[in-house]
Structure formats: C-alpha cells, structure tokens
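Q: Please work out how this folds:
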Amino acid sequence: MNLRYSKKFAVALKKLSASDKAAALHALEWFEENPFAPQLRNHALTDSMAGKRALVVEHDLRIIFTERGNHRDVTLLDIGSHARVYRR
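A: Residues are numbered from 1 along each chain as shown. The predicted model follows:
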C-alpha cells in the first residue's frame with residue numbers, strides 16, 4: 001500500500017491530542033495490514049463526499065481518504081471529529 005498524506009491531513013493530525021494521535025497512528029498500522037479490518041469500519045461515503053471513504057479510529061474520530069487500485073494507492077485527506085470532517 002502506498003500511503004500519501006495531504007497537507008490538510010498533516011495539519012489536522014498535528015492538532016490532535018497525544019492520545020488521539022496515537023490512536024490514529026495505530027489505526028493506520030491496522031489499515032496498512034488489512035484495509036477492511038472490522039474495527040476500522042472502512043466505508044464508502046455518499047452525497048457530497050461520493051468517491052471518498054472513511055475509517056473509524058475511535059468513537060468520534062474519523063479519517064477521510066481516497067483510494068485507487070483496490071487500496072494500493074491511498075491519499076489521506078482529513079482527520080478529526082465526525083462533525084468536523086463531514087461539515088458541509
């Protein structure tokens with residue numbers, strides 16, 4: 001898997017608390033091993049976010065990304081609370 005980080009993702013990751021950042025990095029390790037690990041709840045988004053996918057890091061922490069080639073090329077777009085990343 002080729003993971004790329006958008007500038008928005010990198011900035012948002014830096015702003016997370018130490019515990020949220022650790023949880024996110026742990027989730028990304030799982031994601032690299034198995035993109036569809038059940039605890040990640042990897043799912044496609046709809047409506048204005050169609051074409052993007054999301055991972056659940058913790059109960060209110062999400063990672064938004066795009067993928068190509070059956071998760072061979074992944075671009076991490078954003079990370080944050082449900083309310084922040086799904087803001088319209």
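Q: Just give the nearest non-adjacent residue to A44, would you?
A: R53 (5.5 Å; Cβ to Cβ, 6 or more residues apart in numbering). Any C-beta I mention is one placed from the backbone N, CA and C, and that applies to glycine too.
Q: just S81 next, same as before
A: Sequence neighbours aside, D60 is the residue nearest to S81 in space, at 5.1 Å (criterion: Cβ to Cβ, 6+ apart).
Q: Then E58?
A: A23 (5.3 Å).
Q: What residues sit buried inside the strand or helix carrying the one you found?
A: Applying DSSP states H and E as the criterion places A23 in helix 18-33. Buried residues in helix 18-33, defined by neighbour count with 16 or more other Cβ atoms under 10 Å: D20, K21, A24, A27, L28, F31.
Q: What of stretch 53-63?
A: Using 16+ other Cβ under 10 Å as the test for burial, stretch 53-63 gives R53, A54, L55, V56, V57, L61, R62, I63.
Q: so where's the protein shaky on pLDDT?
A: Residues of the chain meeting the criterion pLDDT under 70: 88.
Q: switch to 90 and redo it
A: 59, 70-71, 86-88 (pLDDT under 90).
Q: Which phi and psi values does P35 adopt?
A: phi -60, psi -20 (degrees, to the nearest 10).
Q: coming back round to it: the residue nearest to A44: what's it in contact with?
A: N42, H43, A44, L45, I64, F65, T66, E67 (Cβ atoms under 8 Å, 6 or more residues apart in numbering).
Q: Compute the first-to-last residue distance for stretch 34-41.
A: One end of stretch 34-41 sits 11 Å from the other (Cα to Cα, to the nearest Å).
Q: What's opposite the spatially most central residue of the chain in the beta bridge?
A: Nearest to the mean C-alpha position of the chain, by Cα atoms, centre = their mean, lies I63 at 2.1 Å. With DSSP bridges as the criterion, I63 is bridged to L55, I79.
Q: Thanks again, I'm all set now.
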